[in-house]
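Trainee: One predicted model, sequence on top.
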Amino acid sequence: MNRNTFKKHINQLEVEELKEELFALFTKVKGVKNYYLMELGDDKQRQKIYNKAKKEITAKYATKSYRRPRRPRIQKIKTIIKSLENESILPYELIDIYLHNSEVAIAFMMEYSFYSTPLTNSINNTFIKALELIDSELMKSEYEERCLALTNEMNFMPWPFYNSMSLFLKVYAK
């Protein structure tokens, strides 16, 4: 079905039928429910979604073996973050998710002495997105401590994190 056909269908419906159609979409389609939860929900409801996403991201880095750690599921983490980006109403709420992913990934890297290009790319990309949002939303003071802690941990292996470190210096230049 294309957009014009959908418009014709909606224009033919009465107000009560439109309400029923919306309610049916709300109950049947999870994406619609999440959209309205993000749009009309309060901070507590949105925070539940973000906390759930943080737990899911952390679980994708979980492994049991120090000798042969399981690769982190970077593609699944990207999928979680992408769905939050699509559903999120306020852009600054994603800063916490981006920083959380970078923190967990660096902790994984250091604890298991695990290095891979996809992992460093994930850290760089999410940290850069977080820094760009911090700069555009003028929230430097709220996240300065977390960003500083991340860059201190990145110093153990600075060459893969050059781009994110240089952006950090530009954002937090005094």
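Mentor: The structure has been received and is ready for your questions. What you see is a predicted model, and the numbers here were worked out from it, not measured in a lab.

Trainee: Every contact and neighbour count from this point should use C-alpha atoms.
Mentor: Fine.

Trainee: Now the element after the lowest-mean-pLDDT helix or strand in the chain, going C-ward?
Mentor: Taking mean pLDDT, DSSP states H and E as the measure, helix 30-40 is the helix or strand of the chain with the lowest mean score, a mean of 75. Using DSSP states H and E, the next helix or strand after helix 30-40 towards the C-terminus is helix 43-60.

Trainee: elements contacting that next one?
Mentor: Under the contact criterion of 3 or more Cα pairs under 8 Å, 6 or more residues apart in numbering; DSSP states H and E, helix 43-60 touches helix 30-40, helix 74-87, helix 94-112.

Trainee: Tell me the buried residues in the helix or strand hosting E142?
Mentor: When elements are defined using DSSP H and E, E142 is found to belong to helix 140-154. When neighbours are counted by 16 or more other Cα atoms under 10 Å, the buried residues of helix 140-154 are found to be 140, 144, 147, 150-151, 154.

Trainee: out of the helices and strands packed on helix 43-60, deepest packed?
Mentor: Here the criterion is mean neighbour count by mean count of other Cα atoms under 10 Å, and of the helices and strands packed on helix 43-60 the winner is helix 94-112, at a mean of 19.

Trainee: Torsion angles phi and psi at A62?
Mentor: Note on A62: its backbone torsions stand at phi -70, psi 140 [degrees, to the nearest 10].

Trainee: got any ranges where this structure has weak pLDDT?
Mentor: 174 (pLDDT under 70).

Trainee: And the residue nearest the centre of it?
Mentor: By Cα atoms, centre = their mean, the mean C-alpha position of the chain lies nearest to I81, the distance being 3.6 Å.

Trainee: which residues sit in contact with that one?
Mentor: I97 (Cα atoms under 8 Å, 6 or more residues apart in numbering).

Trainee: gap between it and Y98?
Mentor: Noted for I81: a distance of 8 Å to Y98, by Cα to Cα, to the nearest Å.

Trainee: cool, and A105?
Mentor: According to Cα to Cα, A105 stands 11 Å off from Y98.

Trainee: same question, Q45
Mentor: In terms of Cα to Cα, Q45 sits 19 Å off from Y98.

Trainee: same deal with K44?
Mentor: When Cα to Cα is the yardstick, K44 and Y98 sit 19 Å from each other.

Trainee: nearest to N51, of the helices and strands packed on helix 43-60?
Mentor: Proximity to N51 (Cα to Cα) singles out helix 94-112 among the helices and strands packed on helix 43-60, at 8.9 Å.

Trainee: now the angle between helix 94-112 and the helix or strand following the closest one, please.
Mentor: As assigned by DSSP H and E, the chain's next helix or strand after helix 94-112 is helix 117-136. Regarding helix 117-136 and helix 94-112, their directions subtend 150 degrees when assessed with axes from the mean of the first three to the mean of the last three Cα atoms, to 10 degrees.

Trainee: If anything else comes up later, I'll come back, but that's it for now.
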